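# sequence first, predicted model second:
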There are 2 protein chains.
Amino acid sequence: MERPLAVVGIGNALVDVIATATEEFLAAHDLVKGSMALVDADRASVLYDAMGPAVEASGGSAANTMAGLASLGGRGAFLGRVRDDQLGTVFAHDIRAVGVEYPCTPVPSGPPTGRCLIVVTPDAQRTMSTYLGSSSELAPGDIDEQVVARAAVTYLEGYLFDRDAAKEAFEKAAAVAHAAGGRVALTLSDSFCVQRFAAEFRDLVEGVVDILFANEDELGMLYETDPEGGLAEAEARCEIVALTRGAAGCTIAAGGGRHDVAAHHVPRVVDTTGAGDLFAAGFLHGLTTGLDLETSARIGSLAAAEVISHMGARPETDLAALAVPLLSP
Amino acid sequence: MERPLAVVGIGNALVDVIATATEEFLAAHDLVKGSMALVDADRASVLYDAMGPAVEASGGSAANTMAGLASLGGRGAFLGRVRDDQLGTVFAHDIRAVGVEYPCTPVPSGPPTGRCLIVVTPDAQRTMSTYLGSSSELAPGDIDEQVVARAAVTYLEGYLFDRDAAKEAFEKAAAVAHAAGGRVALTLSDSFCVQRFAAEFRDLVEGVVDILFANEDELGMLYETDPEGGLAEAEARCEIVALTRGAAGCTIAAGGGRHDVAAHHVPRVVDTTGAGDLFAAGFLHGLTTGLDLETSARIGSLAAAEVISHMGARPETDLAALAVPLLSP
């Protein structure tokens, strides 16, 4: 039997196209700061033409989380769909190069590999326009049951709910995970995403999700209340709720208890892309290596701090080395 | 008639694939630190598979120079060949997005867009393995005579000498430039490149080149002597010789005089990729806006300092704003 996995992440396989932009650029192109909007190929082309010079780097929310987990020394896999084109090659190379198992074969037909056009404003906020491309065809057939069954945690991104077949893939993965004795983790991804699927996400949290990741906007939106009210609703239904509060740190609610953890200090916030993804990486790494909730949250905060200190959504530093001081008594 | 151009750059149109690496990685893959080696598709694939996670950013030596010139406020164009694939789209987007005219149409057949695999070691040195791809087919037909005729300076990269058809394109461009009353600038590019074509480069310097850019290794190699001897040989044959000496600054030799300019201070050198390209950008910007040689060299040093302070070979800061203090009396 193959080695067990700490986490398998399932999500959109995207290459980020990252540029800086002004507030005026957001206004001129009807972009809502801080959000993720799905765009079609034509809109993606118009936005790209208007963007300044960019760099390309592998991204995708759950994929970023898996890259972070690997950087911390955790064993993970990622399931997500790319085309057999240049950007698909880039995605597959990068996820494997950080040590994440990526058992998917780039597909020979259909739309090109998906990309996420990210503009970063001077306040370090990121605004994303995602052309899903090949990822839009993620379906139950892409869920490798043997890989999911090997994982202690199956981590799913809420973004998958934007497509029906992906939602079915999501549900299949959750069922396989539970049947194999694993836990199911969900990140709500984006408050606009929650707005689109609030009732369905509530059903998931009620019946399927063991570990929920959300920020304040998302959790409030989920239960149509304020963040505190949302947290109370969610903790009654999930084993663990990890609520991230940006610079104010995070709250872990589990087993009737609460743990508040301060944000890790960042000298200069450059680009907040990937903050939530990397928090989840650190928290899940702690959890799957048997650390307590508070230490796990501290590792999450550390990983998030590293990723927001530079452009791009994946760590540039060896997170395992950074985390050593947190693991000493 | 269309507006005049300060500079037209002609060179390989490449997308850089940038990763960090150890000294052991260089040894394991027979890479000579600091060099540029041409590789075929198979070798590029093997190296890429072995490289760590990477970011992609438009590159190409002369293209980087044109991006730097545009960032300084200069009007430039670039001629170079890409395929109509994803990386070709990236290259064309980025060069236009910084304000450089790029009149070339991505070609619908032939090898894919070229790429340069760059590994940066902890000492900030870059080692490059270039798969030329579509650029390997650059030929005289790619030289737009009207664009070249509009430019005060036609800037050519020595790397073009690695392919016969590109060399012919180079020679055509130089002839068109001189016929239109412009000057021809050449960068020797790389000491290994000079080693391969020393006799031909000497003929060029003798008969064609008005402005020569070289570092100490390249200039020594050109005349099979030491750098000082090389400088003496070259200045007897060219209107202007710009010799870059890394941290020791540069020497401009012209009209029988010498001007030594110190390197611009860099708090931390991160990645030396593009240092020579950006020096040429600043120097040519000064020259084509009527500044004296010493001030032009200072702008070159400033532009080089910016690009070595971060990963990647194109400026991340508005160079025109950075250069303002140099332009005040």
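Looks like it came in fine. None of the values given here were measured: they were computed from a predicted structure.
# for the stretch 1-150 of chain A, what spans make up the helices?
A:23-28, A:41-50, A:61-71, A:86-97, A:145-149 (DSSP state H, counting those that start in this stretch).
# deepest-packed of those, please.
Across the helices of the stretch 1-150 of chain A, averaging neighbours per residue (mean count of other Cβ atoms under 10 Å in any protein chain shown) puts helix A:61-71 on top, at a mean of 31. Backbone N, C-alpha and C define where each C-beta goes, glycine included.
# what angle do that one and helix A:86-97 make?
Calculated by axes from the mean of the first three to the mean of the last three Cα atoms, to 10 degrees, helix A:61-71 forms an angle of 30 degrees with helix A:86-97.
# just to revisit the earlier point, and of the helices of the stretch 1-150 of chain A, who's closest to chain B?
helix A:86-97 (4.2 Å; Cβ to the nearest Cβ).
# can that closest one be found next to chain B?
Yes: with Cβ under 8 Å from any Cβ of the partner chain as the criterion, chain B is reached by helix A:86-97 at A:Gln86, A:Leu87, A:Val90, A:His93, A:Asp94, A:Ala97.
# cool, stretch A:134-142 as well?
No: applying Cβ under 8 Å from any Cβ, one finds stretch A:134-142 separated from chain B by no less than 12.4 Å.
# now swap in stretch A:305-318 and tell me
Yes: interface with chain B: stretch A:305-318 contributes A:Gly312, A:Arg314 (Cβ under 8 Å from any Cβ).
# so which elements touch the worst-scoring helix or strand of chain A on mean pLDDT?
Least confident helix or strand, chain A: helix A:191-196 with a mean of 90, by mean pLDDT, DSSP states H and E. Packing partners of helix A:191-196 (3 or more Cβ pairs under 8 Å, 6 or more residues apart in numbering or on different chains; DSSP states H and E): strand A:36-38, helix A:216-222.
# off-centre distance for the first one?
Counting by Cα atoms, centre = their mean, to the nearest Å, strand A:36-38 is centred 14 Å from the centre of its parent chain.
# what does the longest one give?
The gap between the average C-alpha position of helix A:216-222 and the chain average comes to 16 Å, counting by Cα atoms, centre = their mean.
# counting by contacts, list what the helix or strand just after that helix packs against.
For helix A:216-222, the following helix or strand on the C-terminal side (DSSP states H and E) is helix A:227-235. Applying 3+ Cβ pairs under 8 Å, 6+ apart, we find helix A:227-235 packed against strand A:211-215, helix A:216-222, strand A:240-244, strand A:250-254.
# ok, now with 6 Å
Packing partners of helix A:227-235 (3 or more Cβ pairs under 6 Å, 6 or more residues apart in numbering or on different chains; DSSP states H and E): helix A:216-222, strand A:240-244.
# deepest-packed of those, please.
Across the helices and strands packed on helix A:227-235, averaging neighbours per residue (mean count of other Cβ under 10 Å) puts strand A:240-244 on top, at a mean of 25.
# direction included, what does that one pair up with?
Here strand A:240-244 has these sheet partners by DSSP bridges: strand A:211-215 (parallel), strand A:250-254 (antiparallel).
# pull up the residues of the stretch 201-329 of chain A that are close to chain B.
With the criterion set to Cβ under 6 Å from any Cβ of the partner chain, the stretch 201-329 of chain A never comes near chain B.
# 10 Å instead, please
A:His310, A:Met311, A:Gly312, A:Arg314, A:Pro315, A:Glu316 (Cβ under 10 Å from any Cβ of the partner chain).
# any quick PyMOL command for the buried ones out of these?
Here is the PyMOL command that selects the buried residues among these (16 or more other Cβ atoms under 10 Å in any protein chain shown):
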select buried, chain A and resi 310+311+312+314+315+316
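# pLDDT for the residues of the stretch 201-329 of chain A next to chain B - can I get that in TSV?
As requested, those are arranged in TSV below (pLDDT from 0 to 100):
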residue	pLDDT
A:His310	92
A:Met311	89
A:Gly312	91
A:Arg314	95
A:Pro315	95
A:Glu316	92
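# can you redo the helices of the stretch 1-150 of chain A as TSV with distance to B:Val261 and mean pLDDT?
Below are the helices of the stretch 1-150 of chain A laid out as TSV (distance: least, Cβ to Cβ, whole Å; pLDDT from 0 to 100):
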stretch	distance to B:Val261	mean pLDDT
helix A:23-28	37	97
helix A:41-50	39	97
helix A:61-71	42	98
helix A:86-97	40	98
helix A:145-149	59	97
